[in-house]
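> sequence? don't have it. structure:
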């Protein structure tokens, strides 16, 4: 199977895992079920759960214990998108070429949808224990998940991002924001894969570095796409950073240096990956694809 | 010690438990730490964690395994208040006599604060395993927590509440809203106490009924206080239901019937409590206090 076909299969597998957590759209509170399902079904690329699964597979074949965390990760990521789009945050009406949740269901339901995604994410993760996960690994994975998504991770990064938008910021502040806002969930994804798979502490450390590099490269590639892509290709308006008066890697260093940075970060990740023992062929191709992606 | 002094002590104990989860207010993302701490420190009555602890104590003395869930419950409850106060929800500027989180920190930080409270709630709960909690009880407690706070519980109730505000609603719909929006978290609190304490399935069922009655009584007492209290006593504007054109138990059945309903529900709870073996003297007084409370 070539990479494209394999990736497609993995996305479909992730969608099937998510499907287990999809509620029936009936009952008086039908709207929140609909909004929950809508938010999860509008064509995510499932990058984080796939990174988690592929890292896990280097160490273990017992896929049942990692699936709940894959679902949890995608729900947390989706929650952040749903709340990011709100009028009081980025005020985005479109996401992946479709109406954002608040635009379709209203701001109040948009707020609640992000909330239920978080709650049911952790409920999903807990199922890993029922599938036979080791209790110590489970706690470590839960802590990694919360640390990287909460105020020490993604949401801490969003706080700084919101506060500094429109202000002059330096490269250190920009790196801090990228590390927390974007890289943290990617770090959590791969680290949880390693933890639950039973990797050694040394390997977990290596994977933390690999994921950090991938995460930074991912955000800088996002900055580049906002400048070079089209609205159609990206599924959301381009030049949004300029519109929102946002400092990005591209506005600070220019497009050329941004390209080189993505290349370097990705190569660092690939080189570190080679120091691990196991089968990571797909992961290698996946990292390359992320660096060159068009949306 | 009399009841008042004992209650005060238990509130202080709960505050100490919460304190373990309070971040230092430093770093670039300082604002979210401040907002998190502010939201948890503005004088909550800690009703849910106390109900949880008291139920737990009927069955076990190993307090360390329940404390993480007490913190988690208060964080989830606080998250719901923070998001409820947002302009796109109830648009409340005051809570417990102080500025609401969004009013003090802005709508964007208000949204993020509710989110981090949810994430760190589940992180807190997971610590129970590190304190030696039984893994099966832990999973059951986590499911109970998520079920009752998410779209099948509190947030499902909020969805219906938002959709039906200003519309004519009947007593069945009202009961559905109260059961999910208010009673669900109280049910979860007591049920988690019982589960983690090692209660039998039969006792857990009884406690579910007791908590359901307490939860309904609690919400109806809230409706009554909105009519008979003062802004000073309540710490927030009175007559808000009328202002928001909201159907409540009082608008549907009148104040007198509402009083009787609170009395009956509380007596049901107290009678069921008597069928359990163990020490629940404080719990009895607490249930009576909740039925007569002034704020």
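Thanks, I have the structure now. Since the model is a prediction, treat every value here as computed from it, not as a measurement.

> could you report the pLDDT at residue A:203?
Note on residue A:203: pLDDT of 98.

> same deal with the one 4 residues further on?
At residue A:207, the pLDDT value in this model is 98.

> same deal with residue A:214?
98.

> what is the burial count for it?
Residues lying near residue A:214 (other Cβ atoms under 10 Å in any protein chain shown) number 27. The way it works is simple: take the backbone N, C-alpha and C, and place the C-beta from them, glycine included.

> that one reaches residue A:50, doesn't it?
No - with contact defined as Cβ atoms under 8 Å, residue A:214 does not reach residue A:50; the gap is 11.9 Å.

> gap between residue A:159 and residue A:210?
Applying Cβ to Cβ, to the nearest Å, the value for residue A:159 to residue A:210 is 26 Å.

> show me the shaky parts of the stretch 1-150 of chain A.
The model of the stretch 1-150 of chain A has no residue with pLDDT under 70.

> can you show me the strands along it?
Assigned strands in the stretch 1-150 of chain A, in chain order: A:94-95, A:98-99 (criterion: DSSP state E, counting those that start in this stretch).

> quick check: residues of the stretch 151-295 of chain A near chain B?
A:151-152, A:155-160, A:162-163, A:173, A:176, A:180 (Cβ under 8 Å from any Cβ of the partner chain).

> which members of those residues occur in helices, if any?
Of these, the ones assigned to helices by DSSP state H are A:155, A:156, A:157, A:158, A:159, A:160, A:162, A:163, A:173, A:176.

> which ones are touching the fourth one?
Spelled out, it's residue A:158. A:80, A:84, A:180, A:181, B:112 (Cβ atoms under 8 Å, 6 or more residues apart in numbering or on different chains).

> which residue packs closest to the fourth one, ignoring adjacent ones?
Yep, that's residue A:181 we're talking about. Spatially, and ignoring its direct neighbours in sequence, residue A:181 is nearest to residue A:157 (3.0 Å; Cβ to Cβ, 6 or more residues apart in numbering or on different chains).

> quick check: the one you found touching residue A:174?
No - at 10.9 Å, residue A:157 does not count as touching residue A:174 under the criterion of Cβ under 8 Å.

> give me the contacts around stretch A:202-218.
In contact with stretch A:202-218 (Cβ under 8 Å, 6+ apart) are residues A:47, A:51, A:55, A:59, A:175, A:178-179, A:182-187, A:189-191, A:193-195, A:199, A:261-262, A:265-266, A:268-269, A:272-273, A:275-276, A:287, A:290-291.

> select only the buried ones of the residues you listed in PyMOL?
The PyMOL command for the buried members of the contacts of stretch A:202-218 (criterion: 16 or more other Cβ atoms under 10 Å in any protein chain shown) is given here:
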select buried, chain A and resi 47+51+55+59+178+179+182+183+184+185+186+187+189+190+191+193+194+195+199+261+262+265+266+268+269+273+276+287+290+291
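
> what about residue A:157 and residue A:174, which has more around it?
residue A:157 (25 against 22).

> what's the pLDDT at the more buried one?
97.

> just the buried subset of the ones in helices among the residues of the stretch 151-295 of chain A next to chain B, written out for ChimeraX, thanks.
Entered in ChimeraX, the line below selects the buried ones among those, by 16+ other Cβ under 10 Å:
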select /A:155,156,157,158,159,160,162,163,173,176
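
> distance to residue B:35 added to the ones in helices among the residues of the stretch 151-295 of chain A next to chain B, as TSV?
As requested, those are exported to TSV (distance: Cβ to Cβ, whole Å):
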residue	distance to residue B:35
A:155	11
A:156	11
A:157	15
A:158	12
A:159	8
A:160	13
A:162	12
A:163	12
A:173	20
A:176	19
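
> can you tell me the residue of the stretch 151-295 of chain A closest to chain B?
residue A:156 (3.7 Å; Cβ to the nearest Cβ).

> go through the helix or strand that contains residue A:252 and flag the buried ones.
Using DSSP states H and E, residue A:252 falls within helix A:249-253. Using 16+ other Cβ under 10 Å as the test for burial, helix A:249-253 gives A:249, A:250, A:251, A:253.

> contact partners of that helix?
The contact list for helix A:249-253, computed with Cβ under 8 Å, 6+ apart, reads A:171, A:174, A:178, A:219-220, A:223-224, A:226-227, A:241-242, A:258, A:261.

> could you do stretch A:79-93 as well?
A:39, A:95, A:99-103, A:107, A:110-111, A:113-115, A:117-118, A:121, A:149, A:154-155, A:158, A:162, A:185, A:236, A:240, A:244, B:86-88, B:106-108, B:110-112, B:115.

> quick one: buried residues of that stretch?
Neighbour counts over stretch A:79-93 (16+ other Cβ under 10 Å) mark A:79-90, A:92 as buried.

> quick one: pLDDT of residue A:245?
79.

> the helices in the stretch 151-295 of chain A, which residues?
A:154-164, A:171-178, A:184-197, A:201-228, A:231-234, A:240-243, A:249-253, A:255-273, A:281-292 (DSSP state H, counting those that start in this stretch).

> now render those as a markdown table, adding distance to residue A:7.
Shown next, in a markdown table, are the helices of the stretch 151-295 of chain A (distance: least, Cβ to Cβ, whole Å):
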| stretch | distance to residue A:7 |
| --- | --- |
| helix A:154-164 | 24 |
| helix A:171-178 | 25 |
| helix A:184-197 | 16 |
| helix A:201-228 | 16 |
| helix A:231-234 | 18 |
| helix A:240-243 | 27 |
| helix A:249-253 | 26 |
| helix A:255-273 | 17 |
| helix A:281-292 | 7 |
